[in-house]
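Peer 1: got a predicted model here, sequence first, then my questions.
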Amino acid sequence: MEFFWAWFRWLHESTGINLTIFYDGFDRGRFASGLLMTIRLSAICILLSVLIGILGAWLQGSRLQFTRHVVYWYIQFFRNTPPLVQLYFFYFGIGTLLTTPGATGGPVPMVTNVTWAVISLSFFAGAFNVEIFRSGIEAVPRTTVEAAESLGFSRFRTYLHIVFPLAFRISLPALNNNLVNLVKTTTLAYAIAVPEMLYVTSQIWSDELNVPEMMNVLLVAYFALVGLLVYVMHRWERAIRVPGFGA
Amino acid sequence: MSPWLAPLPQSTDLPVLLPAAARLARSAVAERTAGSFRLRLHPAQGVVLFVLFLVGCGWAQAQVQPGQAGIIATLWKWTPILLGGFAFNLAISVVAMSAGTVAGLFLGFGQISMLLPVRKGAWLTTHFFRNAPWLVLLFYCMFLLPFQIRLFGVTIPVPDWMKATLGLSLPVMANVSEIVRGAIQSIPTAQWESAASLAFNRRQTLWMIIFPQCIKRMLPPWMNLYAILTMATVLTSIVGVNEMMSLTRQALSAEDRSGLLLAFYSYVLFWFFLYCYPIARWTVRLEARYAVDS
């Protein structure tokens, strides 16, 4: 490993390509923490947004008109405004209202910027997931639901054990599109100083003045990250697709 | 063999879901090709936005100190500057869209080239720029392009907004490339075969038969992409271009008083809505008109 790191030092000395994130322990740690933050942010937001989607799609089938209206306007808001505006809305709009007096008397935010990023991005992707799951649920035949009812399943249990597993399976292709989009959108967290990959990289290049190298590293890192997600999801999609159609 | 003796199909354990699953898979593929979600705007959203704006104004008006101008006067004072910023957003979106479309057309045709290296290269380029986040591409162009170029002894300055426009045109290029490829491949093979039987060569077939049919199919996703791009131009505020969002923030800090936030930002959103709404409606209408039964 030492030899591997030393090679990048040699690369810098002989060619001027300054990849500090490999031979400098401090920068390596910073970059790794940024990469980890991006992965963590993506993973948490994917999980939460899928949960929001499942819950929202269930609420949309509610008998209460009020619940349906709430879900409808939630989708309208998050679908049709830029995610950057949503992020600012949460962080500057609501975040500045939620403060407690700190030890020095100044206001201390109750919710950190990382949490706001998670909330904002999850709601953003969740709005799309609700619609994705809804179209999947609508595709499940009415007769299947009736069969479940006749077996004594309650509305919630029908949803959980019968309708949703089928709906999930057929809405996976659309879900994949959205989740890939979500991972790309996590870069926006830069705007509220969440130390994810883009933010950390910009810190590194302003300290080390190696903008071109870090830019290329960043581009390749995102390409690899998103490419990996696309590949894994595509494999999963093929594994659980409904057999019998397509090639 | 009698149909009763034929073996049961092995792999249709959910036959009842097949048509629905096929339909959803098709729409997911279409969305993947378009590269972005569909914008759906309704007049009701405009009304809600306007109400939000009024609430913001009321809230701001309630916090006006004696001696300060009212909220309407303040907004009116800043409107010319903000609209100048908005015009900048639109200029960026138009230029980025034009450049991206031209480059994307070439890349899209490259993706169906008969030459393997061209095809693979165009595919890789397309997917590279599709997988990279817009903000990262924006940063890439902002920081790596020179602030001036020397051409034949003449120094040409490259302003920030030009670099930002180029940064936004890269993802547009990749998305247009996919739209072109998807549209060409969606044309039935029979069209190619009948053109070949009429002795059209490949280029003639593409230009005179296939591509004219593609335009109809490409137009709705292309317009949707434009609306998305217009919304994405606010990203350039992060890299310091003086467009509407940055100017709003500057106006707010120049005014330096509380309560203006909601009024100003909903005002900005309202302008974007006014611009994107007709585009989104028109896209839906075109889509309905050009819908192809499959």
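Peer 2: Noted; the coordinates are in hand.

Peer 1: now do the contacts for residue 213.
Peer 2: As the question left the chain open, I've gone with chain A. Taking CB atoms under 8 Å, 6 or more residues apart in numbering or on different chains as the definition of contact, the neighbours of A:E213 are A:I17, A:N18, A:L19, A:W205. For glycine as for every other residue, the C-beta is placed from the backbone atoms N, C-alpha and C.

Peer 1: to clarify, I was referring to chain B.
Peer 2: By CB under 8 Å, 6+ apart, B:Q213 lies in contact with B:I187, B:Q191.

Peer 1: state the next helix or strand along the chain beyond the helix or strand encompassing it.
Peer 2: B:Q213 is part of helix B:211-232, with elements assigned from DSSP states H and E. On the C-terminal side of helix B:211-232, the closest following helix or strand by DSSP H and E is helix B:244-255.

Peer 1: run through the neighbouring helices and strands of that following helix.
Peer 2: Helices and strands touching helix B:244-255, by 3 or more CB pairs under 8 Å, 6 or more residues apart in numbering or on different chains; DSSP states H and E, are helix B:71-111, helix B:261-290.

Peer 1: list the buried ones in the next helix or strand after the first one?
Peer 2: So that's helix B:71-111. Counting by DSSP H and E, the element after helix B:71-111 in chain order, helix or strand, is helix B:116-131. The neighbour-count check on helix B:116-131 (16 or more other CB atoms under 10 Å in any protein chain shown) flags B:A122, B:W123, B:T125, B:T126, B:H127, B:F128, B:F129, B:R130, B:N131 as buried.

Peer 1: am I right that B:I156 sits in a strand?
Peer 2: Yes - if the criterion is DSSP: H, G, I helix; E, B strand; the rest coil, then B:I156 is within a strand.

Peer 1: now the strands for chain A?
Peer 2: A:99-101, A:107-109 (DSSP state E).

Peer 1: pull up the pairing partners for the first one, direction included.
Peer 2: Partner strands and pairing direction for strand A:99-101 (DSSP bridges) are strand A:107-109 (antiparallel).

Peer 1: for the partner strand, give me every contacting residue.
Peer 2: Outside of strand A:107-109, the residues that reach it under the criterion CB under 8 Å, 6+ apart are A:G95, A:T96, A:L98, A:T99, A:T100, A:P101, A:G102.

Peer 1: for stretch B:77-90, same thing?
Peer 2: Applying CB under 8 Å, 6+ apart, the set of residues contacting stretch B:77-90 from outside is B:69, B:161, B:230, B:233-234, B:241-248, B:251, B:264, B:267-268, B:271, B:275.

Peer 1: apply 10 Å and report the result again.
Peer 2: Outside of stretch B:77-90, the residues within contact range by CB atoms under 10 Å, 6 or more residues apart in numbering or on different chains are B:69, B:75, B:161, B:230-234, B:236-237, B:241-248, B:250-252, B:254-255, B:260, B:264, B:267-268, B:271-272, B:274-275.

Peer 1: how far off centre is that stretch?
Peer 2: Distance of stretch B:77-90 from the chain centroid (CA atoms, centre = their mean, to the nearest Å) equals 21 Å.

Peer 1: state the mean pLDDT of it.
Peer 2: What stretch B:77-90 shows for mean pLDDT is 91.

Peer 1: repeat for stretch B:268-276
Peer 2: Confidence over stretch B:268-276 (mean pLDDT, whole number) is 88.

Peer 1: thinking again about what came up before, could you dump the strands of chain A into a markdown table with mean pLDDT and mean neighbour count added?
Peer 2: Listed next are the strands of chain A as a markdown table, based on pLDDT from 0 to 100; neighbours: other CB atoms under 10 Å in any protein chain shown:
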| stretch | mean pLDDT | mean neighbour count |
| --- | --- | --- |
| strand A:99-101 | 77 | 10 |
| strand A:107-109 | 78 | 13 |
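
Peer 1: looking at these, which is closest to A:Y72?
Peer 2: Nearest to A:Y72, of all the strands of chain A, is strand A:107-109, at 31.2 Å by CB to CB.

Peer 1: picking that back up, kindly reformat the helices and strands packed on helix B:244-255 as CSV containing mean neighbour count.
Peer 2: CSV is the format used below for the helices and strands packed on helix B:244-255 (neighbours: other CB atoms under 10 Å in any protein chain shown):
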stretch, mean neighbour count
helix B:71-111, 18
helix B:261-290, 17
